[in-house]
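# next come a sequence and a model predicted from it.
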Amino acid sequence: MSVFKNLGKLAAVGKENMAQTQSAIASIDYTEHDAPPDIAPDDAVEATAVVVRFAETNAVVDIHPVVQLELLVLRPDTAPRPLTIRPALALGQVPLVQRGATVPITLSVADPNVATIDWARQT
């Protein structure tokens, strides 16, 4: 008899969990506005950057979470400067961009606020 008595409680908990799950799914932003910028080869310059801050966002590109990285850009011909980018990362790339990590980036000469992480140069 006690099994049937608890079924009502289990059903109520299940409905509550389902509502929380649906709310979490609805908060994910699946738009493609966070796709990495295209930098033309004749507009590109290589640099390195130190990750100052790593923050999660609710955005997703394909299946990859988009994060916000605050970087300190280091180039030999200019003073260090801050830059914020929002790359979509594969889960295996997340440990490579934690606070204090140095990452290779490609900057746009025309717009120095546009950059991408150059994973081909990552060591």
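Everything's here; your move.
# for the chain, which segments count as strands?
All strands of the chain, identified by DSSP state E, fall at 44-61, 64-74, 81-85, 102-108, 115-117.
# got the ones you listed as a markdown table, with mean neighbour count columns?
Placement of C-beta: from N, CA and C, glycine included. Listed next are the strands of the chain as a markdown table, based on neighbours: other CB atoms under 10 Å:
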| stretch | mean neighbour count |
| --- | --- |
| strand 44-61 | 16 |
| strand 64-74 | 18 |
| strand 81-85 | 15 |
| strand 102-108 | 19 |
| strand 115-117 | 21 |
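# turn those strands into JSON lines, columns for mean pLDDT and distance to Ala19.
JSON lines is the format used below for the strands of the chain (pLDDT from 0 to 100; distance: least, CB to CB, whole Å):
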{"stretch": "strand 44-61", "mean pLDDT": "92", "distance to Ala19": "18"}
{"stretch": "strand 64-74", "mean pLDDT": "94", "distance to Ala19": "23"}
{"stretch": "strand 81-85", "mean pLDDT": "95", "distance to Ala19": "34"}
{"stretch": "strand 102-108", "mean pLDDT": "93", "distance to Ala19": "40"}
{"stretch": "strand 115-117", "mean pLDDT": "92", "distance to Ala19": "37"}
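# with distance to Ser23 added, can I get the ones you listed in CSV?
Putting those into CSV (distance: least, CB to CB, whole Å) gives the following:
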stretch, distance to Ser23
strand 44-61, 12
strand 64-74, 18
strand 81-85, 28
strand 102-108, 34
strand 115-117, 32
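# looking at these, which is closest to Lys9?
strand 44-61 (32.3 Å; CB to CB).
# angle of that closest one against strand 102-108?
Orientation check (axes from the mean of the first three to the mean of the last three CA atoms, to 10 degrees): strand 44-61 against strand 102-108 gives 100 degrees.
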